[in-house]
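**Q** I would like the atomic coordinates for the input below:
(one chain, ligands or ions: 1)
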Amino acid sequence: MLQVYLVRHGETVWNAERRIQGQSDSPLTEKGEQQAHQVGERVKHLGITHVIASDLGRTQRTAEIIADACGCAVTLEPRLRELNMGVLEKRPLDGLTEEEERWRRTLVDGTENGRIPQGESMAEMAARMHEALNACLALPAGSRPLLVSHGMALGVLISTILGLPAHAERRLRLRNCSISRVDHQHSAWLAEGWVVETAGDISHLDAPALDELQR
Ligand SMILES: O=C(O)[C@@H](CO)OP(=O)(O)O
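**A** Here you go, the predicted structure:
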């Protein structure tokens with residue numbers, strides 16, 4: 001059985017400001033750095049062998065802190081990036097025009113191939129996230145990877161493993177530096193392949209963490 005840990009990055013400046021990031025980036029806040037250290041403390045005795053991170057700055061920084069605690073190196077994986085949110089990136093969630101809010105809703109309400117102008121669909125993101133997860137199956141036997149990614153990206157991955165539509169991620173709260181785990185296993189009882197062990201665990205954090213854009 002392969003166990004894969006999934007971590008959302010620590011709190012960022014734009015998370016705290018309720019500003020949409022997507023594939024744009026803002027740095028971790030001081031609290032975000034602390035959260036990453038708390039993940040490191042939590043996972044450092046779990047035998048993590050690989051820390052694999054989205055190549056955006058906020059995930060790289062979170063991954064460096066966790067990898068330091070685990071004594072391993074960080075590998076960058078662009079397929080773990082957050083959803084490309086096109087023209088809504090860098091926009092404040094509370095300041096969207098009516099048209100922008102309609103684009104956002106089309107994205108998250110299950111409209112087939114719904115996307116923000118110049119952005120990516122949930123299905124496209126789900127496909128690349130599954131590719132990145134499945135790539136872990138090629139690691140040497142006995143590996144225990146930890147992936148550092150993003151709120152919607154991980155939410156879509158977990159939702160679709162469960163057989164739910166991608167936009168079901170809106171019903172899954174993945175706070176900054178929450179830990180989830182999925183296992184790839186062959187069981188006589190559970191479904192073959194990936195199963196979800198835990199989602200959104202924040203018991204290692206000592207202060208309330210934001211969910212995506214504090215929603
Ligand atoms: O991009 C963002 O602003 C949020 C959206 O959910 O994701 P994350 O903070 O996890 O990158």
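
**Q** Tell me the strands beside the longest strand along the chain, with direction?
**A** Counting residues, the longest strand found in the chain (DSSP state E) is strand 193-201. Paired neighbours of strand 193-201 in the sheet (DSSP bridges): strand 179-185 (antiparallel).

**Q** Using CSV, write down the CA coordinates of the partner strand.
**A** Written as CSV, here are the backbone C-alpha positions of strand 179-185 (Å, rounded to 0.1, in the frame of the first residue of the first chain):
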residue,chain,number,x,y,z
ILE,A,179,-3.2,17.4,6.2
SER,A,180,-5.1,14.8,4.2
ARG,A,181,-4.0,11.3,3.2
VAL,A,182,-4.9,9.0,0.4
ASP,A,183,-3.8,5.4,0.0
HIS,A,184,-3.3,3.3,-3.0
GLN,A,185,-4.3,-0.2,-2.1
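
**Q** Pull the residues that contact that strand.
**A** 1-7, 39, 42-43, 133, 136-137, 154, 157-158, 161, 174, 193-202, 204 (Cβ atoms under 8 Å, 6 or more residues apart in numbering). From N, CA and C alone the C-beta is placed, and that goes for glycine too.

**Q** Get me the contact residues on this structure for the ligand.
**A** 8, 15, 20-22, 82, 150-152, 212-213 (Cβ under 6 Å from any ligand atom).

**Q** top of those residues by neighbour count?
**A** R8 (32 neighbours; other Cβ atoms under 10 Å).

**Q** hang on, M125 is in a helix, isn't it?
**A** Yes. Assessed by DSSP: H, G, I helix; E, B strand; the rest coil, M125 belongs to a helix.

**Q** Can you show me the strands along the chain?
**A** So, for the chain - with DSSP E - the strands run 2-8, 50-53, 74-76, 145-149, 179-185, 193-201.

**Q** wouldn't L139 be in contact with H50 here?
**A** Yes. In this structure, L139 is within contact of H50 by Cβ atoms under 8 Å, at 6.4 Å.

**Q** ok, the two, which is more surrounded?
**A** Ranked by neighbour count (other Cβ under 10 Å), L139 and H50 place H50 first, with 19 against 15.

**Q** What score does that one have for pLDDT?
**A** pLDDT recorded at H50 is 98.

**Q** same thing with V195?
**A** For V195, pLDDT reads 97.

**Q** List the contacts of it.
**A** 161, 182-183, 185, 187.

**Q** By neighbour count, which of those wins?
**A** Among the contacts of V195, V182 has the most neighbours (other Cβ under 10 Å), with 25 neighbours.

**Q** what sits up against stretch 156-165?
**A** Residues from elsewhere that reach stretch 156-165 (Cβ under 8 Å, 6+ apart): 6, 83, 110, 122, 125-126, 129-130, 133, 149, 166-169, 172, 180, 182, 194-196, 199.

**Q** now do 7 Å
**A** 110, 122, 125-126, 129-130, 133, 166, 168-169, 172, 180, 182, 194, 196, 199 (Cβ atoms under 7 Å, 6 or more residues apart in numbering).

**Q** sorry, back to before: what do L139 and H50 both touch?
**A** P145.

**Q** What score does the residue lying farthest from the centre of the chain have for pLDDT?
**A** For the chain, the residue at maximal distance from the C-alpha centroid (Cα atoms, centre = their mean) is A188, at 29.6 Å. A188 is assigned a predicted lDDT (pLDDT) of 85.
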